[in-house]
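The following comprises the amino acid sequence and a computationally predicted model.
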Amino acid sequence: MAITQAILPVAGLGTRFLPWTKSVPKEMLPIGNQPIIARIVDECIDAGIMDICFVISHGKEMIPQFFYEHPELEAELEKRGKLEQLKHLQKYDDANFHVVYQEEQLGDGHAILQAADWVNSDTVAILFGDDLFTGERSGLQQLIDAYDLLPEDERGAMVALEDLPEEAICHKGIVDIECDHATIKNLKTIKGLVEKPKLKDAPSSLGIVGRYLIPRSTFDVLPTVAVGYDTSHSQGAAETLLAAGYQEIRLIDALKSQLGSVPIHGLECKGTRLDTGTPEGYVHAVQVLGVLG
Ligand code: UTP
């Protein structure tokens with residue numbers, strides 16, 4: 001069963017990049033001559049996914065706009081013989097882009113939930129904009145390849161994993177492994193998930209990194225897993241939100257509540273992951289990808 005749809009939640013406030021993100025989304029920061037988000041969309045298209053839904057917030061319309069056809073510019077490039085540039089622009093012509101809004105930033109799961117009505121397939125890919133992968137096969141491609149090898153009755157959710165250094169464990173969702181998969185290399189059966197544990201409480205050093213395949217049933221679970229706003233996220237504002245009774249919905253909590261009823265696997269991905277979610281991580285990504293292209 002081919003995976004044909006992907007949701008890209010890009011509605012976050014991007015507070016770590018302020019003041020830049022006051023007017024320009026962090027996903028539009030350039031690496032070479034393309035924005036970060038184009039690399040994520042390319043990852044989808046290269047994996048054969050042509051139905052892409054952006055979850056955006058007001059003011060982030062330039063993200064989908066980047067991918068829309070621009071007939072006047074294309075005609076002008078053709079007239080001027082700039083065919084290489086024209087080819088770049090036309091790369092996205094065959095993809096279908098859809099946009100939904102997340103009116104309040106109430107977590108990654110809440111963002112995904114906004115796209116529930118758009119989903120018409122049994123399994124959908126989720127790609128978060130902060131994580132980029134380098135290497136022979138993208139993170140998404142590696143997940144899809146492993147998913148395709150799974151027997152039908154073992155297919156459920158699948159997450160990309162990375163063996164994290166100690167200092168990163170308290171910032172990520174960490175998995176508790178039941179066993180290695182009998183036949184598929186680097187694939188693990190997951191029996192537990194812990195969001196941002198203290199190092200001493202972490203069940204392993206394997207953290208979830210930016211790419212998921214989720215079954216449609218996860219959309220039914222998401223509304224049921226709202227929790228008090230996580231104060232470890234964005235300092236200051238979080239306390240106010242918590243005091244105001246705000247809740248957030250996290251994808252990891254939905255998957256956690258599906259453990260036991262839906263098979264959940266984690267794939268330790270090959271290649272290097274680059275975290276563009278912080279200014280330091282972004283600078284590093286520019287250095288690495290500037291060399292690799
Ligand atoms: P982050 O946790 O990095 O949040 O979200 P952020 O708002 O982008 O950045 P900071 O923490 O304020 O600096 C991870 C991904 O989830 C999306 C973000 O756009 C990003 O791609 N997200 C997060 C949403 O779409 N909506 C949310 O409510 C939260």
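In hand now; what should we look at?

so where's the stretch 101-250 of the chain shaky on pLDDT?
Counting by pLDDT under 70, the stretch 101-250 of the chain contains low-confidence residues at 228-246.

so where do the helices sit in it?
108-113, 139-149, 217-221, 237-243 (DSSP state H, counting those that start in this stretch).

Tell me which of those helices is the most buried.
Highest mean neighbour count among the helices of the stretch 101-250 of the chain (mean count of other CB atoms under 10 Å): helix 108-113, with a mean of 24. Every C-beta, even on glycine, is put in place using the N, C-alpha and C of the backbone.

Right, and the ligand sits closest to which residue of the protein?
residue 12 (2.4 Å; CB to the nearest ligand atom).

Which positions in this protein make contact with the ligand?
9-16, 55, 102, 105-108, 110-111, 128-130, 234, 277 (CB under 6 Å from any ligand atom).

Now the buried members of the residues you listed.
When the residues of the chain next to the ligand are checked for burial by 16 or more other CB atoms under 10 Å, the buried set is 9-14, 16, 55, 102, 105-108, 110-111, 128-130, 234, 277.

can you put the helices of the stretch 101-250 of the chain in a markdown table and add distance to residue 87?
Listed next are those as a markdown table, based on distance: least, CB to CB, whole Å:
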| stretch | distance to residue 87 |
| --- | --- |
| helix 108-113 | 33 |
| helix 139-149 | 22 |
| helix 217-221 | 37 |
| helix 237-243 | 44 |
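
can I assume residue 217 is in contact with residue 262?
Yes. At 6.3 Å, residue 217 counts as touching residue 262 under the criterion of CB atoms under 8 Å.

Could you tell me which residues touch both of these two?
The overlap between the contact sets of residue 217 and residue 262 (CB atoms under 8 Å, 6 or more residues apart in numbering) is empty.

Now residue 271: phi and psi?
Torsion angles at residue 271 (phi, psi; degrees, to the nearest 10) stand at phi 100, psi -180.

Got the confidence number for it?
At residue 271, the pLDDT value in this model is 89.

same question, residue 76
For residue 76, pLDDT reads 95.

does it sit in a helix or strand, and which one?
helix 71-79 (DSSP states H and E).

helices or strands up against that helix?
helix 83-90 (3 or more CB pairs under 8 Å, 6 or more residues apart in numbering; DSSP states H and E).

which other helices and strands contact the helix it packs on?
helix 71-79.

Now do the residue nearest to residue 212 when sequence neighbours are not counted against residue 79, distance only.
In this structure, residue 212 finds its nearest non-sequential neighbour in residue 126, 4.2 Å apart by CB to CB, 6 or more residues apart in numbering. Distance from residue 126 to residue 79, counting by CB to CB, to the nearest Å: 41 Å.

One more: residue 184?
Counting by CB to CB - residue 184 and residue 79 are separated by 52 Å.

out of those two, which sits in the busier spot?
The neighbour comparison of residue 184 against residue 79 (other CB atoms under 10 Å) goes to residue 184, with 17 against 8.

show me what contacts the more buried one?
With CB under 8 Å, 6+ apart, residue 184 has these contacts: 146, 149, 150.

Please apply the same query to residue 180.
Counting by CB under 8 Å, 6+ apart, residue 180 touches 187, 188, 189.

Same list (those residues) but as TSV, adding neighbour count and distance to residue 154.
Conversion of those to TSV gives the following (neighbours: other CB atoms under 10 Å; distance: CB to CB, whole Å):
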residue	neighbour count	distance to residue 154
187	21	10
188	22	12
189	16	9
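
mind listing the strands for the stretch 151-293 of the chain?
Taking DSSP state E, counting those that start in this stretch to define them, one finds strands in the stretch 151-293 of the chain at 157-163, 173-180, 187-195, 206-215, 227-228, 247-248, 264-268, 272-275.

Select, out of these, the one closest to residue 84.
Residue 84 lies closest, by CB to CB, to one member of the strands of the stretch 151-293 of the chain: strand 272-275, at 26.4 Å.
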